[in-house]
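J.: structure of the sequence below:
(chains A and B)
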Number of protein chains: 2
Amino acid sequence: MAQRTAGHDCGFLADIVPEARVDFEESRREEFAVDASPHDPTLPDAVVWPHTTEEVSAVLAAANERGVPVTPWSGGSSLEGNAIPAAGGVVLNTVKMDDVSVSPADLQATVGPGIVYDDLNERLGTYGLRFPPGISSGDVATIGGMIANNASGFNAVKYGETRDHVRQLEVVLPDGEVIRCGRGVVKTSSGYSLKDLFVGSEGTLGVVTEATIGLTGIPERKRAALVTFPSDVAATSAVSEMMGFGLEPAAVEYLDTLTVEMINDYREEVSLREEPTLILEFHDNTSGIEEDVEFARGICEDNDATGWEAADEGEMDRVWQARRDALPAYRAHDPELETALLGDIVVPISAYPDIVATIKDASEALDLVVPCVGHAGDGNLHFTPLVDTDDDAAVARAHEFNDRVIERTLELGGTATGEHGVGVGKRKFMRAEHGNAVDLMGTIKDAIDPNGIMNPGKVLPEE
Amino acid sequence: MAQRTAGHDCGFLADIVPEARVDFEESRREEFAVDASPHDPTLPDAVVWPHTTEEVSAVLAAANERGVPVTPWSGGSSLEGNAIPAAGGVVLNTVKMDDVSVSPADLQATVGPGIVYDDLNERLGTYGLRFPPGISSGDVATIGGMIANNASGFNAVKYGETRDHVRQLEVVLPDGEVIRCGRGVVKTSSGYSLKDLFVGSEGTLGVVTEATIGLTGIPERKRAALVTFPSDVAATSAVSEMMGFGLEPAAVEYLDTLTVEMINDYREEVSLREEPTLILEFHDNTSGIEEDVEFARGICEDNDATGWEAADEGEMDRVWQARRDALPAYRAHDPELETALLGDIVVPISAYPDIVATIKDASEALDLVVPCVGHAGDGNLHFTPLVDTDDDAAVARAHEFNDRVIERTLELGGTATGEHGVGVGKRKFMRAEHGNAVDLMGTIKDAIDPNGIMNPGKVLPEE
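T.: Predicted coordinates for the structure are as follows:
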């Protein structure tokens, strides 16, 4: 059952959009009290589905006048409580704003925030193009949410984060004013990069109502490989060498031994070597891809790889199945254990062995089951403490574990979140990570949203 | 002779740095009254060379208390008056802050703002690495200036702008407070991207005292080609097709017919076809580079190319000589004519033929000689009206020309500056380009620099 807040009168929404596009019913509001994270649900007072920038502007202007919180929402697949309406008020759902206009010659598209990542890529595919960050929740996540969280995933190691592709944004500010930031061109040095301020601001500064994003061609050739190593140090050293030698793999996924064991248990017909594992993917338009694959293989062999299973494009699914099975395998491992929290750290690549060792040590010391996977080419690692969530002591140990790993991450120069955003869960690490730069973030928040209506309770620390 | 401002008492500097690192002598101050642009010089009241972040902090805190303007300065190669101390006061010269610390395994380096681009790349070369934006003034420009202007050049089409490589910045705010923005990792979603606010802010928000930047490997193989076309439309269509088919050239330079004619006049032994010309460069680690070159050649032939001269890595200099000769050829064309201003627009690639035609039409209508070169792969175009700068009417026509071209650029969705920044010269186009988003830039400027001491007279429009 979702928490209730003091309650805000949101009746003004009925004057802005037709009746069918605003909902005050509790049963409907419950759907928007949660995101995909383990964070506590909070019930909004109303949900509104605007169709146009003008409607978003009218909702924000009215809410701002009344001091009613507004939480932007679309796919709801966020993993740190980013979309939970923590202070109640209005959930502003942009999912109906899903127009797509493609300019193939300019390798760019102008899209509404509500378009789903996979749907967009299906549309782009007819032009031989794609929007490439490669997120895991692509069947649910929308471009608006991806911009809000600066989302990325498997393919970011080659193609970059969402930020790297955003060229222009239309944004409605908290007082209802509509601005355009950036330009629909490859590069510009014209003034402050406001679009970069909104990318990753998690809906705390305004609502993105349109985005012009850069695209890439669909590569002519793809290859993949599944590689096993005798130790975490060997696997992560191979990653570090590959990147250092200037290879540009399209994906470098790390699976720890515990994850591989759980996958073997989960899928009867699978019997992977129960060792630290990498899944590599390469994209290219030329036959040079074979040289890159061979070069990567050489680096893996130099690091004592115990197995190398390569796959052509037609067989890549088989190699990737292990990675796709990881989360279902965690869930199936023990029906009494659930995900207490989702780690999402990034360290400099050279520190990957250190942080993997830290995780092993801390999970042993705290008697926790913590399988890990990660986009190792970026230095990104996801850890998933599995606990009986009714056992308060176990949940507390999971949080203690998280604190220890993030403390070490920050000591190593890393970040507490590589792709999930700060949301509710990472606020407490903001000052440790950014020091007094957090105060400047607060200054900017206050300057843009003086009434604090935009997605309150997120990103900036409670202090 | 440099303009004088009302004058500011900068004696406080002598209490902060040793005598040898502050200068009040007019002859010395004259050196720092100009950048590399045709904009009017303005004399600073003092020049100071800090060695440390603490000294920068002390200078800013003292200047802020006294309301004395501070203009950060290092290479002085800016092309829009960005580094001219327009309101007098202190020139804060960071050129002595040139430490370099390389972390090869992490493909990153932490550097002082004063390190010169070419010197940095020489240091990085010993690790097989480079900082790749590829600017023309690399023998003078510093990383601090590149960050301030979000500089880029030849190779940005493949490797991106300076912004794309900046991971972490240490910044001294106008009141002397020192903050760190971003982290030394490949990606992060932790809070507002303050580092992106400082990149491209041209020293109007603070002083960058240290930067951690991402690096790339030096490619194993390089190829280049010089291609001629019967028309601008044919040349620019070839560019658009190459990019649209997902080729990733490392450089795509366009030279208009007038530029080629001037190069032929300038260098006796050269006799290029006097037609629109492209210089292409490709980088790769594999033999796939030959396929990319052949694919590009096919696209050029489909667009009626009249000549194709390919070059292996050893002969690339020959192909590039034409591009290097362009500016000297402009200067040599007619000793009585000088550069009135430097165009630096970017349009969506599909609009390149339109803007080239606009330039031809406007130069004819206004009776001006305007040769053009451009980083066409980015949609970036530089135009250079050559006029007798003592002829006020001719200078006025050059500015009228600039206004017309930028008006059309903005209609086409482009930007008034792709890599030179706003400085003094592009302020008047800011509202046309950004609309009311300029007001939000002003809000941010006021929040961070309430006394307006940082590089006054730049970026934001006078209104």
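
J.: which phi and psi does A:H8 have?
T.: When read as degrees, to the nearest 10, the backbone of A:H8 gives phi -130, psi 140.

J.: what of A:L381?
T.: According to degrees, to the nearest 10, A:L381 has phi -140, psi 130.

J.: elements contacting the helix or strand of chain A with the lowest mean pLDDT?
T.: Least confident helix or strand, chain A: helix A:232-244 with a mean of 89, by mean pLDDT, DSSP states H and E. For helix A:232-244, the contact count by 3 or more CB pairs under 8 Å, 6 or more residues apart in numbering or on different chains; DSSP states H and E identifies strand A:251-255, strand A:277-284, helix A:288-302, helix A:352-365 as packing neighbours. Any C-beta I mention is one placed from the backbone N, CA and C, and that applies to glycine too.

J.: any chance of those in CSV with mean pLDDT and mean neighbour count as columns?
T.: Converted to CSV, these look like this (pLDDT from 0 to 100; neighbours: other CB atoms under 10 Å in any protein chain shown):
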stretch, mean pLDDT, mean neighbour count
strand A:251-255, 97, 26
strand A:277-284, 97, 25
helix A:288-302, 97, 18
helix A:352-365, 95, 19
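
J.: in a markdown table, list the ones you listed along with distance to B:I406.
T.: Below are the helices and strands packed on helix A:232-244 laid out as a markdown table (distance: least, CB to CB, whole Å):
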| stretch | distance to B:I406 |
| --- | --- |
| strand A:251-255 | 42 |
| strand A:277-284 | 38 |
| helix A:288-302 | 41 |
| helix A:352-365 | 48 |
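
J.: export the ones you listed as a markdown table, with columns for distance to chain B.
T.: Formatted as a markdown table, the helices and strands packed on helix A:232-244 follow (distance: least, CB to the nearest CB, whole Å):
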| stretch | distance to chain B |
| --- | --- |
| strand A:251-255 | 11 |
| strand A:277-284 | 6 |
| helix A:288-302 | 2 |
| helix A:352-365 | 10 |
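
J.: sorry, back to before: neighbouring contacts of the least confident helix or strand of chain A?
T.: A:227, A:229, A:249, A:252, A:254, A:256, A:276-278, A:296, A:299-300, A:302-305, A:349-350, A:352-353, A:356-357, A:360, A:376-377, B:104-105, B:107, B:217 (CB atoms under 8 Å, 6 or more residues apart in numbering or on different chains).

J.: just the buried positions in it, please.
T.: Applying a neighbour-count criterion of 16 or more other CB atoms under 10 Å in any protein chain shown, one finds A:232-244 buried in helix A:232-244.

J.: biggest helix in chain A by residues?
T.: Taking DSSP state H as the criterion, chain A has its longest helix at helix A:392-411.

J.: what segments of the stretch 101-250 of chain A are strands?
T.: Counting by DSSP state E, counting those that start in this stretch, one finds strands in the stretch 101-250 of chain A at the ranges A:108-111, A:129-130, A:166-172, A:178-182, A:207-214, A:216-217, A:221-228.

J.: minimum distance to chain B: which of these has it?
T.: In terms of CB to the nearest CB, the element of those nearest to chain B is strand A:216-217, at 2.4 Å.

J.: now tell me what touches that closest one from outside.
T.: For strand A:216-217, using CB under 8 Å, 6+ apart, the contacting residues are A:107, A:128-130, A:132, A:159, A:285, B:244-246.

J.: redo those residues as TSV? Include distance to A:V47.
T.: Formatted as TSV, those follow (distance: CB to CB, whole Å):
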residue	distance to A:V47
A:L107	36
A:G128	38
A:L129	34
A:R130	32
A:P132	32
A:Y159	34
A:N285	45
B:G244	41
B:F245	44
B:G246	41
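
J.: by neighbours, which of those residues wins?
T.: Neighbour counts for the contacts of strand A:216-217, by other CB atoms under 10 Å in any protein chain shown, peak at A:P132, which reaches 26 neighbours.

J.: need the pLDDT of that residue.
T.: Looking at A:P132, its pLDDT stands at 94.

J.: try the one 5 residues further on
T.: The score at A:S137 is 94. That number is its pLDDT.

J.: which residues touch the spatially closest residue to it that is not a sequence neighbour?
T.: Leaving aside its chain neighbours, A:S137 sits nearest to A:S77 (4.0 Å; criterion: CB to CB, 6 or more residues apart in numbering or on different chains). Counting by CB under 8 Å, 6+ apart, A:S77 touches A:35-36, A:137, A:140-141, A:145.

J.: pull up the gap between A:S77 and A:V70, please.
T.: Distance, A:S77 to A:V70, using CB to CB, to the nearest Å: 20 Å.

J.: do A:G246 as well
T.: The spacing between A:G246 and A:V70, counted by CB to CB, is 46 Å.

J.: try A:L107
T.: For A:L107, the distance to A:V70 (CB to CB) stands at 34 Å.

J.: now do A:G374
T.: Applying CB to CB, the value for A:G374 to A:V70 is 34 Å.

J.: quick check: residues of the stretch 51-200 of chain A near chain B?
T.: Within reach of chain B by CB under 8 Å from any CB of the partner chain, the stretch 51-200 of chain A has these residues: A:103-108, A:128, A:149-152, A:156-157, A:160-161, A:163-164, A:173, A:177, A:179-181, A:183-194, A:196-197, A:199-200.

J.: which of those residues count as buried?
T.: Buried by 16+ other CB under 10 Å: A:103-108, A:149-152, A:156-157, A:160-161, A:163-164, A:173, A:177, A:179-181, A:183-194, A:196-197, A:199-200, out of these.

J.: and for the nearest residue to A:V186 once chain neighbours are set aside, the neighbour number?
T.: Nearest residue to A:V186 in three dimensions, chain neighbours excluded: B:D378, at 4.4 Å (CB to CB, 6+ apart). B:D378 has 26 neighbouring residues, counting by other CB under 10 Å.

J.: got phi/psi on B:D378?
T.: Main-chain dihedrals, B:D378, degrees, to the nearest 10: phi -90, psi -10.

J.: settle this for me: it is touching B:G414, isn't it.
T.: No: using CB atoms under 8 Å as the test, B:D378 is too far from B:G414 to be in contact (11.0 Å).

J.: any shared contact partners between these two?
T.: Common contacts of B:D378 and B:G414 (CB under 8 Å, 6+ apart): A:185, B:346.

J.: one step back: can you tell me which of the helices and strands packed on helix A:232-244 is nearest to B:D40?
T.: Checking the helices and strands packed on helix A:232-244 against B:D40 by CB to CB gives strand A:277-284 as the closest, at 50.8 Å.

J.: which residues are in contact with A:V157?
T.: Contacts of A:V157 by CB under 8 Å, 6+ apart are A:249-252, A:375, A:377-378, B:186.

J.: and A:I289, by the same measure?
T.: With contact set as CB under 8 Å, 6+ apart, A:I289 has these partners: A:221-223, A:282-283, B:286, B:288.

J.: likewise A:S101?
T.: For A:S101, the contact set (CB under 8 Å, 6+ apart) comprises A:109-111.

J.: what ranges do the helices span in chain A?
T.: Secondary structure of chain A (DSSP H): helices located at A:26-31, A:53-66, A:117-125, A:143-149, A:156-159, A:194-198, A:232-244, A:257-266, A:288-302, A:316-333, A:352-365, A:392-411, A:430-434, A:437-448.

J.: contacts for the third one?
T.: What it means is helix A:117-125. With contacts defined as CB under 8 Å, 6+ apart, helix A:117-125 is touched by A:98, A:100, A:102, A:109, A:111, A:130-131, A:135, A:137-139, A:141-143, A:146, A:215, A:218.

J.: and it with strand A:207-214, angle?
T.: 40 degrees (axes from the mean of the first three to the mean of the last three CA atoms, to 10 degrees).

J.: chain center to helix A:117-125: distance?
T.: 18 Å (CA atoms, centre = their mean, to the nearest Å).

J.: from the contacts of A:S77, which is closest to chain B?
T.: A:G145 (11.8 Å).

J.: that closest one reaches A:S78, doesn't it?
T.: Yes: contact criterion CB under 8 Å: A:G145 and A:S78 qualify, at 6.5 Å.

J.: more neighbours: those two, which one.
T.: For A:G145 versus A:S78, neighbours defined as other CB under 10 Å are more numerous around A:G145 (33 against 27).
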